[in-house]
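J.: no FASTA, just this:
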């Protein structure tokens, strides 16, 4: 077995045991041991993704690590520019696949524009085939290209042939950064990172990073190799599934019982449960002495649950008041038992945060000091709930403790969320699509 293969096995073992630091170290080891440039890029993408799980890494360090990725393309030759101009607007989206999932809840509004204006053409490119209701809808409603089985160069050339104005990335460093080598060939004159990843790519051929004022407030330091393209009022438009809508309707019909202990919840990938977050949660539960915590992973892996149980105990959480369980298909109804979601940091939730808000559960988040650490705060901003965004870890702890002491106030927020969230920017599909098209046209015209 090659050294990089041994390191890859270590990384998988670390993920299975919820060991974020172990995964980071193993993926870096794999990237250093790789002899093939393609595999170096894949493992280094995995390393960059996993770095976000760790607390104590300064934004300058994250940025420097992403800049290194660009050096892996120093010998890449771009495709020739296309000469012929055309009328209208041709926008393409490249993704590892178009399966339904967490990221799709945010980019669905990008793909399926209601009342598509004349002259607009939407192209979608998948590196792997998919076969579910969402992927079939993508294929039926866009100019869909299945790029599976093609080499990187062949995939880039196929996209180049369509003569796009803009190519939007829906992958970034997720899934081993599969989409980025195609972007490095520059198959479109303007290329931008959007959903699917939550930071700069570090790729010189990526021109723009789509963002908003919640993610990158005016005057804040910029940690991106791309130019920032700000979408107003929000980068996020959440499209709930039919199942989410059904569960929400049930919540509207039912009245939450006023009694019982105050319940905190976190329904996340447990790799996001950083040491800093566990320390904060420990302080919260020690002060909120009758409260409980439900910690629910996205996967039903016994070894991960055992590992996080050990980490929680070592962090000083009162384990007699903590429920740790694996993910399950019918997880949406589980939100009904939670009074307040404790968002993770420095890697906050995305779809989890939006799902909780949609189902009427308030979310407490920590607004970090850079783009990727502000996702929770930016989603709350789109939802009109900035009052649940803490500025510091100490503020986060204090707000959670205060909430546990006012259960009636917090539980009343559930009804307000259910009734008012549909009018927020987070669910304003028409307004979002109008702003998105305006931004795309400005990018084509060279104005940002």
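T.: Perfect, I can see it now. All values derive from a computational prediction rather than experimental measurement.
J.: Quick check: phi and psi on the residue nearest to residue 430 when sequence neighbours are not counted?
T.: Spatial nearest neighbour of residue 430, excluding adjacent residues (CB to CB, 6 or more residues apart in numbering): residue 114 at 6.4 Å. Just so you know, the C-beta spots here come from the backbone N, C-alpha and C atoms, and that holds for glycine as well. Per-residue torsions, residue 114: phi -70, psi 140 (degrees, to the nearest 10).
J.: What of residue 200?
T.: Torsion angles, degrees, to the nearest 10, at residue 200: phi -60, psi 150.
J.: helix/strand/coil for the spatially closest residue to it that is not a sequence neighbour?
T.: Nearest residue to residue 200, sequence neighbours excluded (CB to CB, 6+ apart): residue 224, at 3.9 Å. Classification of residue 224 using DSSP: H, G, I helix; E, B strand; the rest coil returns coil.
J.: Am I right that the residue nearest to residue 430 is in contact with residue 428?
T.: No: between residue 114 and residue 428 there is no contact under CB atoms under 8 Å: 11.8 Å.
J.: re earlier: just the pLDDT at the residue nearest to residue 430, thanks.
T.: Predicted confidence (pLDDT) at residue 114: the value is 72.
J.: Centre-most residue in the protein?
T.: Nearest to the geometric centre of the chain sits residue 350, at 4.9 Å (CA atoms, centre = their mean).
J.: need the contact list for that one.
T.: Residues in contact with residue 350 (CB atoms under 8 Å, 6 or more residues apart in numbering) are 102-103, 106, 198, 375-376, 379.
J.: distance of it from residue 407?
T.: Relative to residue 407, residue 350 is positioned 27 Å away (CB to CB, to the nearest Å).
J.: likewise residue 358?
T.: 22 Å.
J.: who's more crowded, these two?
T.: residue 358 (26 against 18; other CB atoms under 10 Å).
J.: my read: that one touches residue 239, true?
T.: No: if you go by CB under 8 Å, residue 358 and residue 239 don't touch, sitting 10.0 Å apart.
J.: three-state assignment of residue 122?
T.: Per three-state DSSP, residue 122 ends up strand.
J.: Verify the contact between it and residue 107 for me.
T.: No: in terms of CB under 8 Å, residue 122 does not count as a neighbour of residue 107; the distance is 11.7 Å.
J.: shared neighbours of those two, which are they?
T.: With CB under 8 Å, 6+ apart as the test, residue 122 and residue 107 both reach residue 93.
J.: For the residue nearest to residue 309 when sequence neighbours are not counted, grab the count of nearby residues.
T.: In space, and not counting its chain neighbours, residue 309 is closest to residue 324: 5.3 Å by CB to CB, 6+ apart. If you count neighbours by other CB under 10 Å, residue 324 ends up with 18.
J.: Kindly report the same for the one 5 residues further on.
T.: Close neighbours of residue 329, defined as other CB under 10 Å, add up to 7.
J.: could we number from 533 for the rest of this?
T.: All set: I'll call the first residue 533, so the last point we hit is now residue 861.
J.: mind checking the SS state of it?
T.: Classification of residue 861 by three-state DSSP places it in coil.
J.: just residue 589 next, same as before
T.: Strictly by three-state DSSP, residue 589 counts as coil.
J.: So it is in contact with residue 580, correct?
T.: No: in this structure residue 589 lies outside contact range of residue 580 using CB under 8 Å: 11.3 Å.
J.: Comparing these two, which residue is more hemmed in?
T.: Of the pair residue 589 and residue 580, residue 580 is the one with more neighbours under other CB under 10 Å, namely 27 against 15.
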